[in-house]
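Enquirer: Sharing a model prediction with you, sequence too.
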There are 2 protein chains.
Amino acid sequence: MEDTPVAFDVALDRTSPVPLYHQLALAIEHAIETGVLKPGDRLENEVALTARLGLARPTARQAIQELVNRGMLVRKRGVGTQVVQPHVRREARLTSLFDDLAAEGRVPGTELLSLDGCSADEVPEPPGLPPRLTRIRRLRSADGVRLAILTNYLPEHYTVDGAALERTGLYSLLRAQGASFRIAHQSIGARLMTAEEATLLGEEHPAACVTVRRSVYDDTGAFVETGTHVYRASQYTVRTSLVV
Amino acid sequence: MEDTPVAFDVALDRTSPVPLYHQLALAIEHAIETGVLKPGDRLENEVALTARLGLARPTARQAIQELVNRGMLVRKRGVGTQVVQPHVRREARLTSLFDDLAAEGRVPGTELLSLDGCSADEVPEPPGLPPRLTRIRRLRSADGVRLAILTNYLPEHYTVDGAALERTGLYSLLRAQGASFRIAHQSIGARLMTAEEATLLGEEHPAACVTVRRSVYDDTGAFVETGTHVYRASQYTVRTSLVV
DNA sequence: GTCAATACTTTGTCTATACATAGTTACGTA
DNA sequence: TACGTAACTATGTATAGACAAAGTATTGAC
C-alpha cells in the first residue's frame, strides 16, 4: 500500500509546566479525536517527526508510548506507527456511579439509608482492614428511577457528611480529603433479590440483581474503601475494558 | 524514618536477546515475590542502582516504569521508589474461562451444543462485524458441575474444529491460528434464567444468571471475537482489576 | 523553642547519539 | 517466473550527561 504518513499540527510551549512529551501526546490525541488522524493512518516516522518539531527522539517516543499504552496507537518495528480503530478506545478511570450517571446526562439521586460505624469482622471480604469502619448505606436512583443499594465501608479517619452525600458522589468527597485511588479489585456476580431489596428498589419478586464488591487502594497500596453494591439487573450493566 | 534502601541481587546477561531493562524488571519482580523486597521497602535510588549494575539511568528507569505501570512499585520525587502492598498485584490478562478453571486446578469440561454459521444481523452488539460469522454454542462445566452456556461469534476465516473445542479453550485455538488479543470490552449484567437455560444448567426456576457480553479486538483494532455468555450466578463471579 | 530559609536527596524531563533488529521492497540470478 | 539476497525503512535498545523540581532534613535567626 502506498499510504503516506499523515502530518498533524502541534503547538509546543516550552515555557509551559506541562512536559513536552505530554503536550505532544495531547496533540496526537486531539488529532485523532478531530479526525485529522483517522484509524489506520500512519504517523510520520519518529525521526521525521522529531526533526519537524525540534524534539529529541526519546521525547517523542515517550509521547507515542503514552498513547500506545492507552490503546490508541500501535507500533510495529520496520513498519511504523498507526492509529487503531476507534472502538477500542479505553476508559480506564475509576469512577463513581454518581459521576457516570451525571456524565450520561442523567440526574442522579441519593437517599441516605443509614450512616454508622461497624467493626471489621462485619465486613467479609478484603483481609487486613482497620478494626473500626464507617458504614454508609445509600439508595441511588437515576432520573427518579431507583437503581441500586450501595453499602460502603471506609476507615474512620475520613469525615463523612450525610448531607453532602446526598448532593455528590462518595468518591469526590474522599478525593477532597486527599484520598487517591490507584487500584481497584471488583468481583461481579448475581443472585435473586431478597424481599427487602426488592421492596426498596421497587421490583416484583422474583427479580435478579447484579452484585458488585469493590475494594479500592491508593498509591501506596493502602486501603481506601470497600463496598458491596446491589443493582437492579433490569436497569444496569457493568462495563469494563481490558488492554493487554 | 531511618529506612535504608534495600539492595537485591541482579544477574544481567548482555548477550541475552532479552532487553536489559526487562531483565532488571524481572529481577526486581523476583525480589519482591521472594520477599527480598518487602512491601514498604525503599529501592536504591536510581543513580546508585545504575552505578552498581553498570547501566545507564534511562535503562533502569524503563525497568522501574514497567513495574510502576503494573502497580508493583510507587515512585515519589524527592523520596524514592517503594514496593507497594502485595494485595494490589494486578492480573491484566485476557483469559478464557477454560484456562482460568485449569489454573485453579479444576477440571474443565465442554459439551458442544452447536456449531454453525450465521449472519451478522443475528448478533446484536458490536457494530461493524463481517457479514457472515461462525457461531459456537458450548456448555461448560467444572469438576462435573455445569457452569455456563457460552455463545461465541467469530469471522469465518478461522477454522474451528469441534473435537478440539471439547479438549481446549477457544482462545488457544485462535491463538494457534495467529490471532492476537489486545483489547476487550465487557458488559456484565444479570437477569433471570429462561426455562431452557435453567434446564441446561440444572437450576431450579426461578434462578439468576450472570450475563457477559465480550468483544475482543487485536493489535490493530480489528475484530477477533464476540460472545454472549450465561453463567450460573450460584457458581460464578467475574473478577476484574483496574489500575489508574 | 519556633519557624523560615537553605542545602540535600531523589525522581522528572530533555537532549544527542549509536547501533540492533524486524518488516518490506527491490533486485538480480538461476 | 521463482526465489534468495540485499538494500532500505522504521522502531527497539542502550549510553552519557545536564538541568529542573518536589520532598525532606538541616541550619540559623529571632
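Expert: Structure's in. What do you need? Numbers count the residues shown, from 1 in each chain, chains lettered A, B, ... in the order given.
Enquirer: From now on I want contacts and neighbour counts done on CA atoms only, so please keep to that.
Expert: Noted.
Enquirer: Burial check on the closest residue to A:H22 other than its chain neighbours, number of neighbours?
Expert: What sits nearest to A:H22 in space, not counting adjacent residues and going by Cα to Cα, 6 or more residues apart in numbering or on different chains, is A:A63, at 5.9 Å. By the measure other Cα atoms under 10 Å in any protein chain shown, the count of residues near A:A63 is 21.
Enquirer: Now do the helix or strand hosting A:A63: which elements does it pack against?
Expert: Following DSSP states H and E, one finds A:A63 within helix A:57-69. Applying 3 or more Cα pairs under 8 Å, 6 or more residues apart in numbering or on different chains; DSSP states H and E, one finds that helix A:57-69 contacts helix A:20-33, helix A:46-53, strand A:73-76.
Enquirer: quick one, which of the ones you listed is nearest to DNA strand D?
Expert: Nearest of these to DNA strand D, taken as Cα to the nearest atom of the strand: helix A:46-53 at 3.7 Å.
Enquirer: Is there contact, residue-wise, from that closest one to DNA strand C?
Expert: No: shown here: helix A:46-53 not in contact with DNA strand C (Cα under 7 Å from any atom of the strand), separated by at least 8.3 Å.
Enquirer: now check that helix, is it near DNA strand D?
Expert: Yes: using Cα under 7 Å from any atom of the strand, helix A:46-53 reaches DNA strand D at A:E46, A:V47.
Enquirer: quick one: contacts of that helix?
Expert: Outside helix A:46-53, the residues that touch it by Cα atoms under 8 Å, 6 or more residues apart in numbering or on different chains are A:V10, A:A56, A:R57, A:A60, A:R61.
Enquirer: how does it look with 6 Å?
Expert: Residues lying outside helix A:46-53 but in contact with it, judged by Cα atoms under 6 Å, 6 or more residues apart in numbering or on different chains, are A:A56, A:R57.
Enquirer: ditto for stretch A:11-31
Expert: A:V10, A:L37, A:T59, A:A63.
Enquirer: And stretch A:100-116, by the same measure?
Expert: Contacts made with stretch A:100-116 from outside it, assessed by Cα under 6 Å, 6+ apart, are listed as A:T134, A:R135, A:I136, A:R137, A:R138, A:L139, A:R140, A:S141, A:A142, A:D143, A:E166.
Enquirer: got the buried residues for the helix holding A:A63?
Expert: A:T59, A:A60, A:R61, A:Q62, A:A63, A:I64, A:Q65, A:E66, A:L67, A:V68 (16 or more other Cα atoms under 10 Å in any protein chain shown).
Enquirer: Same list, those residues, but only the ones touching DNA strand D.
Expert: Contacts with DNA strand D within those, as defined by Cα under 7 Å from any atom of the strand: A:R61.
Enquirer: quick one: which of the buried residues of helix A:57-69 is nearest to A:G117?
Expert: Closest approach to A:G117 among those (Cα to Cα): A:E66, at 42.3 Å.
Enquirer: Look at the residue lying closest to the closest one once chain neighbours are set aside and say how many residues are nearby.
Expert: Computed as Cα to Cα, 6+ apart, the closest residue to A:E66 that is not its neighbour in sequence is A:A25, at 6.9 Å. A:A25 is flanked by 21 other residues according to other Cα under 10 Å.
Enquirer: just to revisit the earlier point, now the contacts of stretch A:11-31 as JSON lines including pLDDT and distance to DNA strand C?
Expert: Converted to JSON lines, these look like this (pLDDT from 0 to 100; distance: Cα to the nearest atom of the strand, whole Å):
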{"residue": "A:V10", "pLDDT": "81", "distance to DNA strand C": "14"}
{"residue": "A:L37", "pLDDT": "87", "distance to DNA strand C": "21"}
{"residue": "A:T59", "pLDDT": "94", "distance to DNA strand C": "5"}
{"residue": "A:A63", "pLDDT": "94", "distance to DNA strand C": "9"}
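Enquirer: ok, of those residues, which one's closest to DNA strand D?
Expert: A:T59 (9.9 Å).
Enquirer: who's in contact with the closest one?
Expert: A:T59 neighbours (Cα under 6 Å, 6+ apart): A:Y21.
Enquirer: Equivalent analysis for A:L37, please.
Expert: The contact partners of A:L37, taken as Cα under 6 Å, 6+ apart, are A:A31.
Enquirer: can we see that at 8 Å?
Expert: A:V6, A:F8, A:A31, A:V83.
Enquirer: repeat for A:I136
Expert: By Cα under 8 Å, 6+ apart, A:I136 lies in contact with A:L112, A:L113, A:S114, A:L115, A:D116, A:L150, A:T151, A:N152, A:Y153.
Enquirer: repeat that for 10 Å
Expert: Going by Cα atoms under 10 Å, 6 or more residues apart in numbering or on different chains, A:I136 touches A:112-118, A:150-154, A:160, A:162, A:165, A:170, A:227.
Enquirer: Drop anything exposed from these.
Expert: The neighbour count (16+ other Cα under 10 Å) marks A:L112, A:L115, A:C118, A:L150, A:T151, A:N152, A:Y153, A:L154, A:V160, A:L165, A:L170, A:G227 as buried among the contacts of A:I136.
Enquirer: Now intersect the residues you listed with the strands, please.
Expert: Residues of the buried ones among the contacts of A:I136 located in strands (DSSP state E): A:L112, A:L115, A:C118, A:L150, A:T151, A:N152, A:Y153, A:L154, A:G227.
Enquirer: Among these, which one sits closest to DNA strand D?
Expert: Nearest to DNA strand D among these, with distances taken as Cα to the nearest atom of the strand, is A:L154, at 24.0 Å.
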